[in-house]
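**Student:** Based on what follows, work out the 3D shape:
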Amino acid sequence: MFKSKKGRVGEKLDELMQQMNTGKQADVTAMHTLALRGLPILLSDDASNVYNTCKACDIDGWPQVPVGVMTVIDEEEPLMPNKLYLDPIIVEGGIVLDNMQNLPQAICTLFGLSYALNLNYPKGMINTFNFIQKVILGLGQNKLPPKISETTNLLLS
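**Tutor:** So this is what the prediction gives:
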């Protein structure tokens, strides 16, 4: 589905997918990470306040992130905007949970916390979290908003 998209969305998805095409065959976790990074792009969400990356020395400088997944990288590693980093932590003005194994685990945990505690989904990622809730997990109402319905139909075709 990512490969079929054109225009600006297609360019962003292609940038993510190129990371999967280099080196050895991608493992399942990397593919799930790609899907979770690409889903907000497909759903016209803004993941910039939810998916964050910082260097280890800057970890305390992120209190402005209301809720999201932060990936901490080594000081020597260059920051790349759409790199599929692993080893994230969950933040909400400070570190809430760390030692997450990968982005899929972090997003599942963040979704679970949001759903179980009846919290609002992160701003900018409402379509993505609704997609996870209604389509992937089959929870809640069957009526899907148009953007989620369109993406679901693409998946099923």
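
**Student:** Okay, strands next: where are they in this structure?
**Tutor:** Ranges of strands in the chain, per DSSP state E, are 51-55, 68-73, 88-91, 95-97.

**Student:** Which one of those strands lies nearest to Ser157?
**Tutor:** Relative to Ser157, the nearest member of those by CB to CB is strand 51-55, separated by 27.4 Å. All C-beta atoms are positioned from the backbone trio N, CA, C, and that covers glycine.

**Student:** Could you name the helices and strands sitting against the closest one?
**Tutor:** If you count contacts as 3 or more CB pairs under 8 Å, 6 or more residues apart in numbering; DSSP states H and E, strand 51-55 packs onto strand 68-73.

**Student:** quick one on the thing from earlier: so for Thr128, which of the strands of the chain sits nearest?
**Tutor:** strand 51-55 (10.3 Å).

**Student:** Can you give the strand pairings for the closest one, parallel or anti for each?
**Tutor:** strand 68-73 (parallel) (DSSP bridges).

**Student:** Could you give the average pLDDT over the partner strand?
**Tutor:** For strand 68-73, mean pLDDT is 77.

**Student:** any idea of the pLDDT on Ile126?
**Tutor:** On pLDDT, Ile126 comes in at 90.

**Student:** Who are the contact partners of the closest residue to Asp46 other than its chain neighbours?
**Tutor:** Leaving aside its chain neighbours, Asp46 sits nearest to Gly124 (3.7 Å; criterion: CB to CB, 6 or more residues apart in numbering). Gly124 sits next to 40, 45-50 when contact means CB atoms under 8 Å, 6 or more residues apart in numbering.
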